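Novice: Show me how the following folds:
(chains A, B and C)
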Amino acid sequence: MTEPTSTAAAPEAPPDRGTLRRPSEAVVPLGVVAAVVVAIVLVYAVGDRATDLVTQSVVTGLLLGGVYALVSVGLTLIFGVLGIVNFAQGAMLTMAMYLVYEMTSSGGLPVYVAMLLAVPIMFVFGVVVQVALLNKLTLSGSHEGPLLVTLGLSLLIINVLLMIFGGRPLRVPGSVDGSLEIFGAVASYERLIAFAGALLVAAALLLFLRRTSFGMSIRAVAANAEGASLVGVDVRRIYALTFGIGAACVAVAGGLMAPFLSLTPTVGEQFTILAFVIVVLGGLGSVTGALLGGLIIGLVQTVGALYFPGTGSLILVFAVFVLVLFFRPQGIIGAAS
Amino acid sequence: MTALTDRPGRPTTVATDDPRLRDRSAARSYTVLAVLVAVLAVLPFFLDDQTETVAVRTLIFAIMAVGWNLMSGYGGMFSFGHAAFFGIGAYTGAYLLVEHGVSPWISMVVGAVISAAAGCLIAFLCLRYKLAGSYFALATFAFAMVFLLSVQNLDVLHRTEGFNVPILSEDSWTMMQWKAGSPLYFWIPLGILAVGLIGTIAFVHSRTGQYAQAVRDDEVAAASLGIPVMRVRLITVAASCALTSLAGSFYTQYYFFVGPEQAFGSAVSVNAIMPAVIGGIGTIWGPLVGALIVGPLSEWIADILREPPGFLSFLEGLSGLDVAVYATLLILIVLFMPKGIYGTLRDRFRS
Amino acid sequence: MKKLPLAVVGLLGALALSACGGYEPADDEVVIGSVHPLTGALAGQGEMMHEGAQLAVDDLNAAGGIESLGGDQLVLRAGDSKGTADAGQVEAQRLVSEGAVALIGTYQSDVTANVSAVAERNRVPLVIDVAVDDVILEQGYEHTFRIQPNASSMGRDGAKALAELSAANGKPVRKVSYLHIEGAFGQSVHDAFAEEAEKEGIEMVSEVTYPATNFTDATTQVREALAADPDVLAVTGYYPDSLLIAQAIRALGGDVDAVYGVANGGFDDSAFPADAGAAGADVLSANYHYAATDERAQDIRARFEQKYGRTMETSAMLAYQAVVVIAQGLEETGSKDPEELRDAIAGLQVEDPLLEFGGPIAFDETGENENASVTVMQVRDGRIEQVFPDQFKTADIVYPVGR
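Specialist: This next block holds a predicted model:
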């Protein structure tokens, strides 16, 4: 992330260590989690809503949040390492879902197998996009260039999908039916699988970033691209791989979500906006932050809907976004500048 | 030219007072603008009704792009939520007209003032908290979304139903309504565009405009030179939002209907950005050139899609082709002609 | 000065390009303009509706065209609203400039509002095939007509139908929970339903709304609606959200006498039973519907499927009907003048409508079809059947549904 020195802009997040070493660093995230827990307890106690309804909204919110986190994890990596606001994240999610659709309907594959096949395809797509379209701009440190290119890319992807598949809502046949009861709340298996998938992906990414040399290179480039290249890291390659990983994450998200969503070319757009909120809330480049942020936003949306039905809860989400942007732009897991 | 002989005995002390150094490009730009307006003004007499609607739509795009360009191109503050200001203009006009019968001319001005104030507030908050670059863009995007959602939830603004402008049986200057196809529907946005371009030219050559560009290029250096950074930025933002708001107010009067999506939708923000980027950010004529390309282009593509020539018959009725073409154009321009079509051509002609 | 030629040339060139390709109707042609979303997210619906109108035009031409105009042939010209109001406006204007004597469209309420203004200002009749908001015909416009029932009349009829059919099946409904999409559409249907329901002695025990965007899990809202222990859960929304709701009801094991869609865009769509699977079984839907009991309508649907390779939904049938209305208006007036056509349409009685209405199509002073009514459908054995009122039955109703 090369920023012009004159603007004290986006504070750089420290490389994601997964576990925080210094106790003071844990204060903010723990504090936020505590605040959320307190808020939920308050809703139960004095919120004037039926208990089982609150439980349902909490469970739905967490499951939803897991899915949001899945989409955001790729975005936060891209944002953190490349400094690119990837407006095409939702479009890539849609693309992944259509890939899965195509494989399940024409190829007859079960949906989760199709998802596993979609991952490498989307990875390659991400690499190609970065190399062909974005590398030049990223290396020159331009802010607006990548923004505009990803905006154009998102429009392009959506409309090509529209040209190929048409606008009618499509369904990907699910593999698993039925639901589980948790403390009186109902959770469908498909959504539980998606939630588990989100946790797995987050864990896998954290391990990758911490334990492998590639991961270290990525973190190095995120912290200081120039420095990293000076010690021999091939920055261009890291950029390409990072975008590829971001796309691969979104492929997993798409595959896990396809069974319970109606597929239209614009289905991913609603996630783009929320993903931005989550990434800023969680902290640039922080996988743990994306996970936490996703869960929080999911909860805000569903529990908030108990009091502000309809788009009211969305306004709440954006209010959170604006507050975070103003008062703690480095997010939950980010060092104060 | 003859300053030294004009003032015998006392040489000029300040460089800008020396007529030999006077910047003639402002005068040139104004002349170009005057000729352009004159040529365009006669256009309505040559266009049929349908092409006139395309032309008016192009003019609206141009106004929005010129407005956006002030703040994002010259000011360096990339706004991804310009729909917020377009929408304020559109809804102010609609609300005041439908609920209180206020003349659209007045509500245009009111809308511009509210828009400028809103823009300044948003920009002030963002800049005060040191948001720049991508964060600023995201913040403006978020604000536009908040406006959209809020309008959809407010009864006083008719929630999702929007406003319908009552159709009058007679032409009316006070209510800005004439029969369908009247050339006035072309001349008014042309006038607003001219005002916007005059404003841009004046701004670019003014001290404030020079300061704004200096701040854009290097904020710290500019501040160290004593330039009032925040004030310069806010003035730029105010002008940008006010102009975009005028486009919105006219939109309501021309289309007779405005709803949350038409006013505050993200497609509106994209419409403000695309022409400016394609034509040339940070140039006077770039946004206009871009609008001239983007506006009629969609009609042209639609024509082709409707009745494609033989070798393109597979394109017939293909959904989404026009946006796909724009999007590709946008990407190509950003990658290969970052100064935009006009900007790149201008530089080539100069060298 | 170098900039000047560039700009002017560019401008003139661009406008010249867009100006070419105009259409002039021939003397023995009558042009109808069809404005629908042919591209964009709603293209599937829009194309289908345009095809429905085209089939009507073909059928009428094959039968000899417009007799009172000496056998003039109808021509249907397509306008693409792209799903946005501005594009719809431009297209409507273009079609009118190119000689359309009437317009049909547009599927979306906000686009229709815009096109309706164009129709009014150009004094050309617009016959709405699909657009639900009441407000469109509350502007005092004289040139817009609507065949389908509007939002509030569907709410009212839906409530009446529910009261009747539940009583007729031995378990009169007493408590209703209403789950609907946020916004003008959902709200106005609900309000009309609630008002009528209370007159029928039904208690509205809960109203739950959900957002139009970012809605991917209905479990909490459905749960809230079911918490009030209703006899019937009424739902108003569009296809994707209604699908989510049906699934959530099943997952929660909701024990209600019926799930009852009112003006619901999903529950009687032919793709719904397959997409929803077990969650869609026995779901009821009170909505306007093509006349499944009418042989002519059946024939039209069969030929549509043969020609276009897809199922003819009610929206396409409405487009077909709109063309028929215009054609009948032309027959009556024997003139291509849009104003006279408008007057003829205003006074028409179109017998044998292709939709299950209680009487001929006839427009009141605001342009609404006086005899538009709703039919109640039910998903039975993976198919959409009409179950109420009896005169339109294609299968027996199951009420209360065994869940």
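Novice: Might you list the low-confidence residue ranges for the stretch 301-403 of chain C?
Specialist: Confidence mapping of the stretch 301-403 of chain C against pLDDT under 70 gives the ranges C:403.
Novice: For it, just list every one of the helices.
Specialist: In chain order, the stretch 301-403 of chain C shows helices spanning C:314-333, C:338-346, with DSSP state H, counting those that start in this stretch as the criterion.
Novice: Please state the offset of the shortest one from the chain centre?
Specialist: Read it as helix C:338-346. Centre-to-centre, helix C:338-346 and its host chain are 22 Å apart (C-alpha atoms, centre = their mean, to the nearest Å).
Novice: Skip the chain neighbours and tell me the closest residue to B:Ala118.
Specialist: Across the structure, with C-beta to C-beta, 6 or more residues apart in numbering or on different chains as the measure, the residue nearest B:Ala118 apart from its sequence neighbours is B:Ile88 (6.1 Å). Just so you know, the C-beta spots here come from the backbone N, C-alpha and C atoms, and that holds for glycine as well.
Novice: Sorry, wrong one. I was asking about B:Glu161.
Specialist: Taking C-beta to C-beta, 6+ apart, and ignoring the residues beside it in sequence, B:Glu161 has C:Ala184 as its nearest neighbour in space, at 4.3 Å.
Novice: same deal with C:Asp59?
Specialist: When the adjacent residues along the chain are set aside, C:Asp59 lies closest to C:Ile300, with 7.7 Å between them (C-beta to C-beta, 6+ apart).
Novice: my read is that neighbour is in a helix, agree?
Specialist: Yes. Assessed by DSSP: H, G, I helix; E, B strand; the rest coil, C:Ile300 belongs to a helix.
Novice: hang on, it packs against C:Ala319?
Specialist: No. In this structure C:Ile300 lies outside contact range of C:Ala319 using C-beta atoms under 8 Å: 11.4 Å.
Novice: could you pull out the helices for the stretch 51-200 of chain B?
Specialist: Using DSSP H, counting those that start in this stretch, the helices of the stretch 51-200 of chain B run over B:83-100, B:104-128, B:134-153, B:184-205.
Novice: Next, the buried residues of the helix or strand following the last one.
Specialist: Tracing the chain C-terminally past helix B:184-205 and defining elements by DSSP states H and E, one meets helix B:207-217 next. Along helix B:207-217, the positions that meet the burial threshold by neighbour count (16 or more other C-beta atoms under 10 Å in any protein chain shown) are B:Thr208, B:Gly209, B:Tyr211, B:Ala212, B:Gln213, B:Ala214, B:Val215, B:Arg216.
Novice: does chain B sit close to the host helix or strand of A:Gly289?
Specialist: Mapping A:Gly289 onto the secondary structure by DSSP H and E places it in helix A:287-307. No. Using C-beta under 8 Å from any C-beta of the partner chain, helix A:287-307 never reaches chain B; the gap is at least 12.6 Å.
Novice: Off-centre distance for that helix?
Specialist: In this view, helix A:287-307 has its centroid 12 Å away from the chain centroid, taken as C-alpha atoms, centre = their mean.
Novice: just stretch A:155-164 next, same as before
Specialist: The chain centroid and the centroid of stretch A:155-164 are separated by 22 Å under C-alpha atoms, centre = their mean.
Novice: Kindly report the same for stretch A:270-290.
Specialist: With C-alpha atoms, centre = their mean as the basis, the distance from the averaged C-alpha position of stretch A:270-290 to the chain average is 6 Å.
Novice: and residue 83, how many neighbours?
Specialist: Reading this off chain A. Here the neighbour count serves as a burial measure; for A:Gly83 (other C-beta atoms under 10 Å in any protein chain shown) it reads 25.
Novice: Hmm, no, I was thinking of chain C.
Specialist: Residues within reach of C:Gly83, counting by other C-beta under 10 Å, total 25.
Novice: Check A:Ile40 too.
Specialist: The burial metric for A:Ile40, expressed as a neighbour count using other C-beta under 10 Å, is 18.
Novice: Isn't it up against A:Gly304?
Specialist: No. Counting by C-beta under 8 Å, A:Ile40 sits too far from A:Gly304 to count as a contact (11.6 Å).
Novice: need the helices of the stretch 301-403 of chain C in CSV with distance to chain B and mean neighbour count, can you?
Specialist: Below are the helices of the stretch 301-403 of chain C laid out as CSV (distance: least, C-beta to the nearest C-beta, whole Å; neighbours: other C-beta atoms under 10 Å in any protein chain shown):
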stretch, distance to chain B, mean neighbour count
helix C:314-333, 16, 25
helix C:338-346, 13, 19
